[in-house]
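Enquirer: Please work out how this folds:
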Amino acid sequence: QVQLVESGGGLVQAGGSLRLSCAASGNSFRINAMGWYRQVPGKQRELVATITRTGLTNYVDSVKGRFTISMDNAEKNTVYLQMNSLEPEDTAVYYCNAKLDVGLGVSLDNWGQGTQVTVST
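Expert: Numbers count the residues shown, from 1 in each chain. The predicted structure is shown next:
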């Protein structure tokens with residue numbers, strides 16, 4: 001298990017920017033990938049962006065060109081999500097995710113507590 005601590009959420013006007021951070025502690029050397037998901041009431045949690053230890057990234061179509069995910073180069077235990085040109089539709093609770101290698105090709109999902117992002121019109 002790893003502990004994930006998120007920061008950086010808040011209220012911003014449409015067109016503005018926010019940067020989310022997520023720091024992992026514990027068995028962070030076992031992390032294969034980290035990412036951000038978001039959820040609004042009444043809907044399923046959806047993937048926003050992911051990044052592997054080797055730097056491969058993946059984004060949901062709705063944020064491509066606006067959001068950038070990155071990982072600190074040294075310890076590979078902190079992930080960032082730079083969110084630009086924010087839209088009201090980006091309003092959600094954003095959750096940090098870390099996939100932990102527990103052996104035998106199995107990954108275990110670890111989640112942060114979530115941080116609220118609200119984009120006003």
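Enquirer: pLDDT wise, what is the closest residue in space to residue 116 that isn't next to it in sequence at?
Expert: Closest residue in space to residue 116, ignoring its immediate chain neighbours: residue 9 at 5.0 Å, by C-beta to C-beta, 6 or more residues apart in numbering. All C-beta spots, glycine's among them, are computed from the backbone N, C-alpha and C. Predicted confidence (pLDDT) at residue 9: the value is 94.
Enquirer: I figured residue 9 hits residue 113, correct?
Expert: No - counting by C-beta atoms under 8 Å, residue 9 does not reach residue 113; the two are 10.9 Å apart.
Enquirer: which residues of this structure fall in strands?
Expert: 2-7, 10-13, 18-26, 31-39, 46-52, 57-59, 67-71, 78-83, 92-103, 106-111, 115-120 (DSSP state E).
Enquirer: So which bits of the shortest one are buried?
Expert: What it means is strand 57-59. residue 59 (16 or more other C-beta atoms under 10 Å).
Enquirer: Give the residue spans of the chain that score low on pLDDT.
Expert: Applying pLDDT under 70 to the chain picks out residues 73.
Enquirer: Find the residue at the geometric middle of it.
Expert: When the chain is reduced to its mean C-alpha position, the closest residue under C-alpha atoms, centre = their mean turns out to be residue 36, at 2.1 Å.
Enquirer: residues contacting it?
Expert: Listed by C-beta atoms under 8 Å, 6 or more residues apart in numbering, the contact partners of residue 36 are 20, 22, 48, 49, 50, 69, 79, 81, 94, 95, 96, 97.
Enquirer: repeat that for 10 Å
Expert: The neighbourhood of residue 36, defined by C-beta atoms under 10 Å, 6 or more residues apart in numbering, consists of 6, 20, 22, 47-51, 59-60, 63, 67, 69, 79-81, 83, 94-97, 112, 115.
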